[in-house]
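> how does the following fold in three dimensions:
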Amino acid sequence: MTESLPEKLPNFKRPDFEDTCKRRFLYGLGFDCYGGVGGLYDFGPVGCQVKANFINLWRQHFVIEENMLEVDTTCMTPEDVFKVSGHTQKFTDVMVQDSVTGDLHRIDKYLEEWGEKKLNDKKAKLTEEQRADIKKLIITADGMSIPEFKEAIQKFDVKSPNGNAFTEPKDFNLMFPTPIGPAGDRLGYLRPELAQGILLNFKRLLEFNAGNMPFAGAAIGSAFRNEIAPRNNLLRVREFTLAEIEHFVNPNDKNCVKFAQVANLEAWLWPKDVQEAGKEPIKMTLGDAVSKGIIDNETLGYFMGRTMMFVEMIGMKYVRFRQHRCNEMAHYASDCWDAECLSSFGWVECVGLADRSCYDLENHGKARNTDFVAYEKFPEPKIVNELDRDIKKGLVNKTFKKDAPAVLTYLTNLPQVEALELDKKLDEATVTIAIGDGNFPVERGMVKFAMKDKKVEGRNYIPNVIEPSFGVGRLIYTLLEQVYFVRKSEEEETKEEGGKKRATAELKTEKQADSDNDNNSVRVKLENNDILSKVKNEQQTDYDPPTDIMVENGGGIPTRKQLEAMKVAEIREIVRAHAPGVRTDTGGKDRRTKDDIISDLLSAVGGAAEVKIEKQGAADKNEKRAGFALPARIAPYKVSILPLSPTVFREKFCQELIAKWRSQFSSMGISYKVDDGSQKIGKKYARSDEIGIPFNLTIDQTTESAGKVTLRERDSTKQIFVAVDEAAAILSDLCQDRLTWEQALVKFEVKE
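Numbers count the residues shown, from 1 in each chain. Coordinates of the predicted model:
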């Protein structure tokens, strides 16, 4: 956990990040050849692997650990369900429209962004009072009512991005309506959340769980919201994946037997009173927060702790929990916290943790005359004064025939107050009750309600629901931003280490080259203007290199592109100095091509580092050393297999070794990628880092004879030698956290 929370992501450049995501197809705008549709995105191969690993890890951490009951419910939901749950009336955002262009905006987010721009505008001359008012606006915009939005727009004279006035704010329902059936006479909606599907299966789940409480239902699937103004990449989209939990608990006992496991965890909390006072989040243990009443109960606190453990497990660095203020609380919630993750767009709600009380089960029970209740057995029998329902089922069945079940259900579930009122009316006359579209006359002889003292063993109750809801896409996106890095260049690393590292090759002047002749240096004369042009184009710089490039014994050699531009005779000179064992003959029956010689040369020297040329100006964005520091457990591939050169890859032992590893990795559940390209090893490492692969296995010309390969770790770039036959087991231990990289550096030989 960080010691402080930054205001923005350190050293993060969104254009570089987006370029990497686009080039490596982590995700992309759906249907882009048709111009795309706002808020609809596709995941590419890497994104799909990360998402699948995320979901598998979520299942392990929550469903398996907590013995939850997972269901898979439908995306399409009848309108009646959402009428009862309140979604058709209250699942809305407030929208405004540019009075001239007609552009639509979600006003709460617009005000937040407008306020941030105002505060960061150095030209705006704001008084301290004005700055305080704008800060308060940013904090409170999310929970404003329509009259409050109107007042804020007028007070701050907020205009559209085009400088035009806004129309009157109005509610906009976020659900996608759809007709059900060929006649289209029944209205449904694509679900905006997964909760209703779990909640309406409560009775089945309770029975499956043998009536034991508490327990949790879980679901993972797609949800749909018709966002007014989708934006910010994967953060505000119209179709997305949710992973939700509905934990059913006794409303009179929200203590949690496992709370002690998380009570000492420290978290950044932003309680509602601290927000309203304009203060920053505070760090405290979850145990203290529950004991002080900041977090309502232990069960909610426990799931906050498990959520924090999960997001840190997947590699998230900057997380805080913000409590909903009273004016922004969901219509069903009695207490609610958001786990917010820091992104380049600011703090983003990624997990909602709500105490939904018994709102949904109670309302659905009333609407459908269904008892969504659990049974609590008392430690000792109790004498209680409760409602006695004396229902004459025989008479009811005889009178109402096929409608009798509905009448019996109604009388059985009628609340106490209403039942006693009905009993009084029955003393005077027959009472007609309305059930659905029918009316049914109930007589005195059919039922008698009265309060009586009874000895009871237990009671029925409607459970309360604690709901953690995880936005999978938002969590993945903010994680990718937080773990994105651009590795420092070798020149920067050399400067930081005080010159201890030397660049692999340097451009030297004629005078410097002459002074190094006694060090067995070989001078390669580049007299061909085409060669200079290729070097210049490769480096993407206006710098004009001298015609002499120095190649030192024990140092670096020209890049593959530079070698390809040379004559065979020049390449032979380099081979004699650096790899005399490499065959360079180009005649005879088993003739060698220039490419064969270059590949064997690069293989023999362990991969040629690029000749370093001093640069003036920015490097090519495609050559930046970018990557994602994803933990192995969520990385798209756990290891990349890298033959050092095409020549090595063609060797029989290399093919057999890769086939052996394929079988071992597949059986161990280790995802892998083979890069058999002709690029130098440094480029292969960079390509691997760029999609977040944590480990690399390099096969070179010594692997067969030595029986060892090098294993490289992405974040430290350090390498160790491991036995070929042990590589799969070692990787499995590293990926499953049975072995840390620090321990591996001690246990195995480190490559210097």
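> how far out from the middle of the chain is the helix or strand containing Trp58?
Per DSSP states H and E: Trp58 is located in helix 45-58. Distance of helix 45-58 from the chain centroid (C-alpha atoms, centre = their mean, to the nearest Å) equals 9 Å.
> pLDDT of stretch 40-60, averaged?
Mean per-residue pLDDT for stretch 40-60: 97.
> for stretch 306-320, same thing?
97.
> got the contact list for the helix or strand following the helix holding Trp58?
Next along the chain after helix 45-58, taking DSSP H and E as the criterion, comes strand 69-70. For strand 69-70, the external contacting residues (C-beta atoms under 8 Å, 6 or more residues apart in numbering) are Arg59, Val63, Leu205, Phe208, Asn209, Phe215, Ala216, Gly217, Ala218, Ala219, Ile220. Every C-beta, even on glycine, is put in place using the N, C-alpha and C of the backbone.
> what is the neighbour count of the second one?
When you say that, I think you mean Val63. 19 (other C-beta atoms under 10 Å).
> and if you look at the first one?
Counted by other C-beta under 10 Å, the residues lying close to Arg59 total 16.
> which residues touch it?
Counted by C-beta under 8 Å, 6+ apart, Arg59 has contacts Glu70, Ile220.
> let's see 7 Å
Listed by C-beta atoms under 7 Å, 6 or more residues apart in numbering, Arg59 has no contact partners.
> quick check, Met309 in a helix?
Yes: the assignment for Met309 by DSSP: H, G, I helix; E, B strand; the rest coil puts it in a helix.
> ok, the contacts of strand 69-70 vs Thr584, which is closest?
Arg59 (57.0 Å; C-beta to C-beta).
> quick revisit: now do the helix holding Trp58: which elements does it pack against?
helix 472-483 (3 or more C-beta pairs under 7 Å, 6 or more residues apart in numbering; DSSP states H and E).
> which stretches of the protein have low pLDDT?
1, 331-332, 489-556, 580-581, 586-592, 603-623 (pLDDT under 70).
> longest strand of it, counting residues only.
For the chain, the strand with the greatest residue count under DSSP state E is strand 374-391.
> need the contact partners of that one.
206, 211, 213, 250, 408, 411-412, 416, 419, 447-461, 463.
> list the buried ones in it?
Ala374, Leu387, Arg389 (16 or more other C-beta atoms under 10 Å).
> distance between that strand and the chain's centre?
Here the centre of strand 374-391 is set off from its chain's centre by 47 Å, with C-alpha atoms, centre = their mean.
> given it, what are its sheet partners and their directions?
strand 447-461 (antiparallel) (DSSP bridges).
> Gly677 should be in a strand, yeah?
No: using three-state DSSP, the secondary structure at Gly677 is coil, not a strand.
> pretty sure Asp171 is in a strand, no?
Yes: looking at Asp171 with three-state DSSP, it is inside a strand.
> skip the chain neighbours and tell me the closest residue to it.
Thr92 (4.2 Å; C-beta to C-beta, 6 or more residues apart in numbering).
> show me what contacts that neighbour?
Thr92 sits in contact with Asp171, Phe172, Asn173, Leu174, where contact means C-beta under 7 Å, 6+ apart.
> will you turn these into CSV that also has neighbour count and distance to Phe485?
Compiled in CSV, the contacts of Thr92 are given as follows (neighbours: other C-beta atoms under 10 Å; distance: C-beta to C-beta, whole Å):
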residue, neighbour count, distance to Phe485
Asp171, 13, 43
Phe172, 15, 40
Asn173, 18, 42
Leu174, 18, 36
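> next, format those residues as TSV and append distance to Leu9.
Shown next, in TSV, are these (distance: C-beta to C-beta, whole Å):
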residue	distance to Leu9
Asp171	34
Phe172	31
Asn173	34
Leu174	29
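> the residue nearest to Asp171 and Asn250, how far apart?
33 Å (C-beta to C-beta, to the nearest Å).
> for the contacts of strand 69-70, which two are the farthest from each other?
The distance between the two most remote of the contacts of strand 69-70 (C-beta to C-beta) is 19.5 Å, for Asn209 and Ile220.
> quick one: the helices in the stretch 301-450 of the chain, in order.
Here the stretch 301-450 of the chain has its helices, by DSSP state H, counting those that start in this stretch, at 359-368, 393-400, 404-413, 416-426.
> got those as a markdown table, with distance to Gln655 and mean neighbour count columns?
Converted to a markdown table, these look like this (distance: least, C-beta to C-beta, whole Å; neighbours: other C-beta atoms under 10 Å):
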| stretch | distance to Gln655 | mean neighbour count |
| --- | --- | --- |
| helix 359-368 | 59 | 18 |
| helix 393-400 | 78 | 15 |
| helix 404-413 | 71 | 17 |
| helix 416-426 | 79 | 14 |
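> how about those helices in TSV, adding distance to Pro78?
Below are these laid out as TSV (distance: least, C-beta to C-beta, whole Å):
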stretch	distance to Pro78
helix 359-368	12
helix 393-400	26
helix 404-413	19
helix 416-426	27
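> relative to Ser469, which of those helices is closest?
Across the helices of the stretch 301-450 of the chain, closest to Ser469 is helix 359-368 (C-beta to C-beta), at 13.5 Å.
> what angle separates that closest one from helix 404-413?
On the basis of axes from the mean of the first three to the mean of the last three C-alpha atoms, to 10 degrees, helix 359-368 is oriented at 130 degrees to helix 404-413.
> which secondary structure elements does helix 359-368 sit against?
By 3+ C-beta pairs under 7 Å, 6+ apart, helix 359-368 packs against helix 79-85.
> so what touches the helix or strand that the helix it packs on is followed by?
As assigned by DSSP H and E, the chain's next helix or strand after helix 79-85 is helix 87-90. Outside helix 87-90, the residues that touch it by C-beta under 7 Å, 6+ apart are Glu79, Phe82, Asn173, Met175, Pro192, His331.
> now do 10 Å
Contact with helix 87-90 is made by 77, 79-83, 171, 173-175, 177, 187, 189, 191-193, 195-196, 330-332, as judged by C-beta atoms under 10 Å, 6 or more residues apart in numbering.
> quick one: the strands in the stretch 51-200 of the chain, in order.
69-70, 76-78, 92-97, 104-106, 170-173, 176-180, 186-190 (DSSP state E, counting those that start in this stretch).
> tell me which of those sits nearest to Trp347.
Here strand 104-106 is closest among the strands of the stretch 51-200 of the chain (C-beta to C-beta), at 17.1 Å.
> any buried residues in that closest one, and which?
For strand 104-106, by 16+ other C-beta under 10 Å, it's His105, Arg106.
> surely Leu361 meets Val249?
No: the criterion here is C-beta atoms under 10 Å, and Leu361 misses it with Val249 at 11.7 Å.
> could you tell me which residues touch both of those two?
In terms of C-beta under 10 Å, 6+ apart, Leu361 and Val249 are both contacted by the residues Ala374, Pro463, Asn464, Val465.
> ok, the first one to Trp337 distance?
The one in question is Ala374. 25 Å.
> then Gly394?
Counting by C-beta to C-beta - Gly394 and Trp337 are separated by 53 Å.
> also Lys594?
65 Å.
> try Val351
Taking C-beta to C-beta, one finds Val351 at 9 Å from Trp337.
> what do you get for Val237?
Counting by C-beta to C-beta, the gap from Val237 to Trp337 is 23 Å.
> which of these two has more neighbours?
Trp337 (31 against 22).
> give me the beta-bridge partners of Arg389?
Here Arg389, judged by DSSP bridges, has bridge partners Phe449.
> surely Pro631 touches Gln736?
No: look at Pro631 against Gln736 with C-beta under 10 Å: they stay out of range, at 11.4 Å.
> understood, closing this out.
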